[in-house]
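Participant: give me a 3D structure for the following:
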Amino acid sequence: MTLDLWGLGLQAINVLILVWLLSRVFWRPVAGAITRRQEAAQAMLDEGKTAQAKADAALAEVAETRKGIAAERDAILAEAKAAADTVAKATQKDAQTTADTLLAAVHTAIDRDRTTARKENATRAAKLSAEIAARLLGQFNTPAVQAAFLTQLVEAIAGMSDSDRAGLLASEGDIEIITATDTEGAEKARIEQAVTDALGGVVSLRLVTDLNLIAGLELRSAHFVLHNSWRADLETILKEVENAG
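Facilitator: Numbering: from 1, shown residues only. Predicted coordinates:
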């Protein structure tokens, strides 16, 4: 048997090339994959240990919390009992205070109602008295009374300030002289002349009859009123009675 050294050498070279190729192309990637798998498995094991440790810690915390809850429950129950006792005492005291307050409010309301009723009665009585007085005074509306009111009106105009009198003279429209009775002829002319002289200027006057005056003469413009009548006097008295009540 003859050995073919060249053939053996070539085969040895082929084997070496095959081993080199396998180590380069196959074994290194496989070894790397195996290593990565081992590292991943180790990481999972480490993570599991960490999770287990956390779970144990959580269980221990839960157990401790339960103890704390039980102690807190006892404390809350004791505090609630004490609070209930305090509230019961305070409620009883508040009820007494409320009752006293309500009783005082009732007395105050009664006194206020009495005062209000007294004021209302006084106001009604004053209004009734004013109505009666108006009816009685209406029977005394004579020419002499009207003449007296004209004198009072002239005096009131004379007592006005120069600025008020000038403003009245400069007012737009007619100046109305309100009378309690229909006035015509010489009496009307006499009233107009007296008012014109008192104002100290030429003005447009217009007489207007208002039976509600009862008796008297009043002066009125767009922005001015000079009261001078029994109705005005009665209204003043009525307001004083109401304010006094």
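Participant: C-terminal to the one helix or strand Thr97 maps to, what's the next element?
Facilitator: Element membership of Thr97 [criterion: DSSP states H and E] is helix 28-138. Per DSSP H and E, helix 28-138 leads on to helix 143-158 as the next helix or strand towards the C-terminus.
Participant: contacting residues around that next one?
Facilitator: Outside helix 143-158, the residues within contact range by C-beta atoms under 8 Å, 6 or more residues apart in numbering are 165, 179-181, 187, 190-191, 194-195, 197-199, 215-219, 226, 228-229. Glycine gets a C-beta too; all of them are placed from N, C-alpha and C.
Participant: if we use 7 Å, what do you get?
Facilitator: Ile191, Ala194, Val195, Ala198, Leu199, Ala215, Gly216, Leu217, Leu219, Leu226, Asn228 (C-beta atoms under 7 Å, 6 or more residues apart in numbering).
Participant: and the helix or strand following it, what does it pack against?
Facilitator: The helix or strand immediately downstream of helix 143-158 is helix 162-169, counting by DSSP H and E. Packed against helix 162-169 by the contact rule (3 or more C-beta pairs under 7 Å, 6 or more residues apart in numbering; DSSP states H and E) you find helix 185-199.
Participant: between the next helix or strand along the chain from the helix it packs on and helix 185-199, how many degrees?
Facilitator: Counting by DSSP H and E, the next helix or strand C-terminal to helix 185-199 is strand 205-209. Per axes from the mean of the first three to the mean of the last three C-alpha atoms, to 10 degrees, the angle that strand 205-209 makes with helix 185-199 is 120 degrees.
Participant: so which bits of strand 205-209 are buried?
Facilitator: Leu205, Leu207 (16 or more other C-beta atoms under 10 Å).
Participant: kindly report the same for stretch 223-241.
Facilitator: Buried residues in stretch 223-241, defined by neighbour count with 16+ other C-beta under 10 Å: Leu226, His227, Asn228, Ser229, Trp230, Arg231, Ala232, Asp233, Leu234, Leu238, Val241.
Participant: repeat that for stretch 11-28.
Facilitator: By neighbour count on 16+ other C-beta under 10 Å, the buried set for stretch 11-28 is empty.
Participant: cool, stretch 69-78 as well?
Facilitator: For stretch 69-78, a neighbour-count test (16+ other C-beta under 10 Å) marks nothing as buried.
Participant: now it: average pLDDT?
Facilitator: The average pLDDT within stretch 69-78 is 79.
Participant: would Gly173 count as being in a strand?
Facilitator: No: according to DSSP: H, G, I helix; E, B strand; the rest coil, Gly173 belongs to no strand; its state is coil.
Participant: tell me, how many residues neighbour it?
Facilitator: A total of 9 residues lie near Gly173 under the criterion other C-beta atoms under 10 Å.
Participant: list phi and psi for the residue nearest to Ser229 when sequence neighbours are not counted.
Facilitator: Nearest non-adjacent residue to Ser229, counting by C-beta to C-beta, 6 or more residues apart in numbering: Gly216, 2.7 Å away. Note on Gly216: its backbone torsions stand at phi 140, psi 180 [degrees, to the nearest 10].
Participant: how about the one 4 residues further on?
Facilitator: The phi and psi values for Arg220, taken as degrees, to the nearest 10, are phi -150, psi 140.
Participant: which residues sit in contact with it?
Facilitator: Arg220 touches Glu176, Ile178, counting by C-beta under 7 Å, 6+ apart.
Participant: secondary structure element for Asp182?
Facilitator: Applying DSSP H and E, one finds Asp182 in no helix or strand.
Participant: export the host helix or strand of Leu234 as PDB, just CAs?
Facilitator: Leu234 is part of helix 230-244 when elements are defined by DSSP H and E. Once non-C-alpha atoms are left out, helix 230-244 reads as follows in PDB (Å, rounded to 0.1, in the frame of the first residue of the first chain):
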ATOM      1  CA  TRP A 230    -103.800 125.500  53.000                       C
ATOM      2  CA  ARG A 231    -103.200 122.200  51.100                       C
ATOM      3  CA  ALA A 232     -99.400 122.900  51.400                       C
ATOM      4  CA  ASP A 233     -99.800 123.700  55.100                       C
ATOM      5  CA  LEU A 234    -101.700 120.500  55.800                       C
ATOM      6  CA  GLU A 235     -99.200 118.400  53.900                       C
ATOM      7  CA  THR A 236     -96.400 120.000  55.900                       C
ATOM      8  CA  ILE A 237     -98.200 119.200  59.200                       C
ATOM      9  CA  LEU A 238     -98.900 115.700  58.000                       C
ATOM     10  CA  LYS A 239     -95.200 115.100  57.200                       C
ATOM     11  CA  GLU A 240     -94.200 116.400  60.600                       C
ATOM     12  CA  VAL A 241     -96.700 114.000  62.300                       C
ATOM     13  CA  GLU A 242     -95.300 111.100  60.300                       C
ATOM     14  CA  ASN A 243     -91.700 112.000  61.100                       C
ATOM     15  CA  ALA A 244     -92.500 112.400  64.800                       C
END
